[in-house]
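**Q** quick one: sequence plus predicted model below, questions after.
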Amino acid sequence: MTFLPRPYQIAGRDFLANRRHALLADQMRVGKTPQAIMAADKVSAESVLILCPAIATYQWRSQWQQWSDREPARILDGTWSPAPDFKGVLISSYTRAMMEMDALKAVRNWDVFIADEAHFAKTPTSKRTSMVYGAKGFGWNANRLWALTGTPAPNHAGEMWAMLRAFGRVRCTYEEFVYHFCLYDPVRDRFHGNKRQHLPELLRLIEPFTLRRTLRQVAPDMPGINYNFFVVQPEGNADLNTDDPGRVSERSRIDVALGKVPVLADEIRRNLDAQEYTQTVVFGYHLDPLYALTEELILRGIDVAALTGKTTPPRRRFAQDGFRIGTVQVVLAQMIAAGTAIDLSAAQHGYFLELDWVPDHNAQAAHRLVNLETKAPVSFDILTWPGTRDDFVQRRILQKVSTAVFKS
C-alpha cells in the first residue's frame, strides 16, 4: 500500500466494512474512494464492482493501485466481458454498465458493489436507478452495497427515496415520500427543497447507514473557499430573459456566457503575464462558451486543455497530467463532467463563467481545487455585471440553502 490512511479514513473504512448497506456522504475532497477500497480489502471481497461516471474510471483504477495490494483493477471498456466466475475488481461507467447488463449479471456473486457519485441514480423511473437499486439491479443482488456521494439529494429529499427503499428504511411509495418530505410547486408541477419541519425525521431515517464528515471536521485548519464577484460588462450587454431560474431559456444563458468570454480571456492573459497566478481553472455549464473561450485563449498564446463530457479518456488524462506538472496553464471544465473524481489542485484560483442552478454542483466543482495535503487557500471569481438579471440569479444561487439535507 502506497499511502498511510488517516484516522478518519480508518473510521470510514470500518463503518463501511461493518455494514451491508451504507452511504458514505463525506464532503467533496475528504477522500471517499480510499475508504471504500480499504473497506473492500478488510472484508476480503473477492469480486468488486464499481459504477462511476465515465470521467472517473481511470481515477478509480489509479486509486486501487495506490491503496490496495491486490491485483490491478480492470475497466469495462467494451473490448471484453467478465466471465461468470470473475474474481477481482471491475470498474465501469454507468453508461457502459447498462450496455453490458447481461454480462455483469452473469457474474455469480459480487461481494461488494460500490455506486460512486450515487446521486447519478436519483430518479426513481430511470434505468440507471433501477440498475443500482432495483430488485433486478446490482445492489439487491450483491453481498454489500455501498453508495458514495457528498450530495445524495442535490435538489430535494425525494432523490434519496430509491436508496432508502433498497436499504429497507422506507416502504412507502415515491409519491407518498415526496409529498411528506418535500416542497411542491403547483405552478411548475415539480418538487423543490425540503420541508423544514420534517428534516429531523428524515435525518433519523438515514442516520443508521450514513457517515458524513466535512473538510472542516477532518482538517480544522483548512482554509475555506473564498468566492468573489468579478465585475465585467458582457459584450453586447447580454442578459437573461428572466430572473426566474425555472423559466430562463438555454439560448439566453448561452448568450450571456458568450458575452463574458472576451473579457475573461483578456483577464487571464493579464494575470498570467503579471504572475498573479501561474495556473487557473474556468468552470462553465454550456459547451459553446467553453469552446469559444478555448479559441480566445489559444489566440492569446495560452496553453489550455478542456474537460467536458465529450473529452475522450486519453485526452482527460493528458489534461489532468499536464495541469499537474504545469505544462497546461488553464483548464476549461464543464462542471458536471469535471465536478467529480478530478484533481485540479495544482491551481488555487479559478473562475465561474456561469453557475449551475443546483448549488451543490457549483460546490462540487469548486472543491476540485482543494488539496487536503497542502491546505492551500482556494479562491474563485464569479463573472457578473451588477444590475442585470444574470447578476441577481447568480447571487441567489450562492445563498446558503438552510433546508439542505447535508450542509457543507
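**A** Cool, got the structure.
**Q** buried residues in the helix or strand harbouring Leu202?
**A** Element membership for Leu202, per DSSP states H and E: helix 199-206. Neighbour-count burial for helix 199-206 flags 199, 202, 205-206 (criterion: 16 or more other Cβ atoms under 10 Å). Where C-beta positions appear, they are placed from N, C-alpha and C, glycine not excepted.
**Q** got the phi and psi for Ala103?
**A** Ala103 adopts backbone torsions of phi -70, psi -40, taken as degrees, to the nearest 10.
**Q** specify the local secondary structure of the closest residue to it other than its chain neighbours.
**A** Spatial nearest neighbour of Ala103, chain neighbours left out: Ser81 (3.9 Å); criterion: Cβ to Cβ, 6 or more residues apart in numbering. Under DSSP: H, G, I helix; E, B strand; the rest coil, Ser81 falls in the coil class.
**Q** hmm, Ser81 is touching Glu100, no?
**A** Yes: between Ser81 and Glu100 a contact is recorded at 6.3 Å, counting by Cβ atoms under 8 Å.
**Q** of these two, who's got more company?
**A** Glu100 (19 against 13; other Cβ atoms under 10 Å).
**Q** list the contacts of the more buried one.
**A** By Cβ atoms under 8 Å, 6 or more residues apart in numbering, Glu100 lies in contact with 76, 78, 81, 92.
**Q** residue contacts, the nearest residue to the last one once chain neighbours are set aside?
**A** Across the structure, with Cβ to Cβ, 6+ apart as the measure, the residue nearest Ser92 apart from its sequence neighbours is Leu76 (3.9 Å). For Leu76, the contacting residues are 82, 90-93, 96-97, 100, 104, taking Cβ under 8 Å, 6+ apart as the criterion.
**Q** so which of the residues you listed is the most crowded?
**A** Neighbour-wise, the contacts of Leu76 (other Cβ under 10 Å) top out at Ile91, 26 neighbours.
**Q** part of a strand, is that one?
**A** Yes: assessed by three-state DSSP, Ile91 belongs to a strand.
**Q** bridged to it, which residues?
**A** Counting by DSSP bridges, Ile91 forms beta bridges with Ile50, Ile75.
**Q** what about it, distance to Phe230?
**A** 38 Å (Cβ to Cβ, to the nearest Å).
**Q** again, but for Glu207
**A** In terms of Cβ to Cβ, Glu207 sits 41 Å off from Phe230.
**Q** between these two, which is the more surrounded one?
**A** Using other Cβ under 10 Å as the criterion, Glu207 and Phe230 rank with Phe230 on top: 15 against 11.
**Q** in terms of pLDDT, where does the nearest residue to Ser345 once chain neighbours are set aside sit?
**A** What sits nearest to Ser345 in space, not counting adjacent residues and going by Cβ to Cβ, 6+ apart, is Asn371, at 3.8 Å. Per-residue pLDDT puts Asn371 at 83.
**Q** cool, and Asn143?
**A** 95.
**Q** buried stuff in stretch 104-113?
**A** Those would be 104, 107, 110-113, for stretch 104-113 by 16+ other Cβ under 10 Å.
**Q** oh, that last question was meant for stretch 283-300, not what I typed.
**A** 283-286, 289-294, 296-297.
**Q** what helix or strand is the residue nearest to Ser345 on?
**A** Using DSSP H and E, no helix or strand contains Asn371.
**Q** that one: neighbouring residues, count only.
**A** Neighbours around Asn371, by other Cβ under 10 Å: 16.
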